[in-house]
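**Student:** My questions are about this predicted structure, shown below with the sequence.
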Amino acid sequence: YNNEEYLRETLLSGRSYSSFELIRASMMNVIIFSAFGLVAVGSALVFTFVRMLSIETAQNYARRFAQIPTPFISISELAQISRANSPLGQSSGITPEWVYKKIVKSIKEGYLRGCSPEKHGGVLRISLSKQIVKDRCPGCGAPIVGAVTENYACHYCGRVITGVIRKQ
């Protein structure tokens, strides 16, 4: 870049440059353009890699959720399952808080549709694509409203109805 004699000999003979400053400016443009290109490509690669990790995490949880027969699972149970399936085993740093953050992130990114974190009886659980299958109380015929667990107590007659919610 700074060898003026070499640049004049090689570049002035083959190109239509009129001065050394034009040669240097042209080279600087190439350097700057290359630097911006590298930054753009590097940023895109990092973004793609992070997105791929998010998708892989969501797919792993979706596979685990598909194997669970109930419409709810507690975060602590899910952390135990994750630790058992981890290549590092039980000594890995998978905590219920870590699992909760990963699931919420996947839900926000739109990968785990139909799933939501809910608190039932003081226990944080993940609801897994639940579907309400009963709409009336078999005892009094009152509508079932606000069902959040598999076993529902009718607001009118107090009868406990099982199987109100099932996994979709």
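**Tutor:** Perfect, I can see it now. Residues are numbered from 1 along each chain as shown.

**Student:** Can you verify Arg125 is assigned to a strand?
**Tutor:** Yes - counting by DSSP: H, G, I helix; E, B strand; the rest coil, Arg125 is part of a strand.

**Student:** Just list whatever residues bridge to it.
**Tutor:** With DSSP bridges as the criterion, the beta-bridge partners of Arg125 are Ser74, Glu118.

**Student:** Which residues are in contact with it?
**Tutor:** Taking C-beta atoms under 8 Å, 6 or more residues apart in numbering as the contact definition, Arg125 lies against 72-75, 117-119. From N, CA and C alone the C-beta is placed, and that goes for glycine too.

**Student:** Quickly note the distance from it to Cys157.
**Tutor:** According to C-beta to C-beta, to the nearest Å, Arg125 and Cys157 sit 27 Å apart.

**Student:** So of the contacts of Arg125, which two are at opposite extremes in space?
**Tutor:** Comparing every pair within these by C-beta to C-beta identifies Ile73 and Lys119 as the most remote, at 13.4 Å.

**Student:** hang on, the earlier thing: sort out which of the contacts of Arg125 are buried, if you could.
**Tutor:** If you count burial by 16 or more other C-beta atoms under 10 Å, the buried members of the contacts of Arg125 come out as 72-73, 75.
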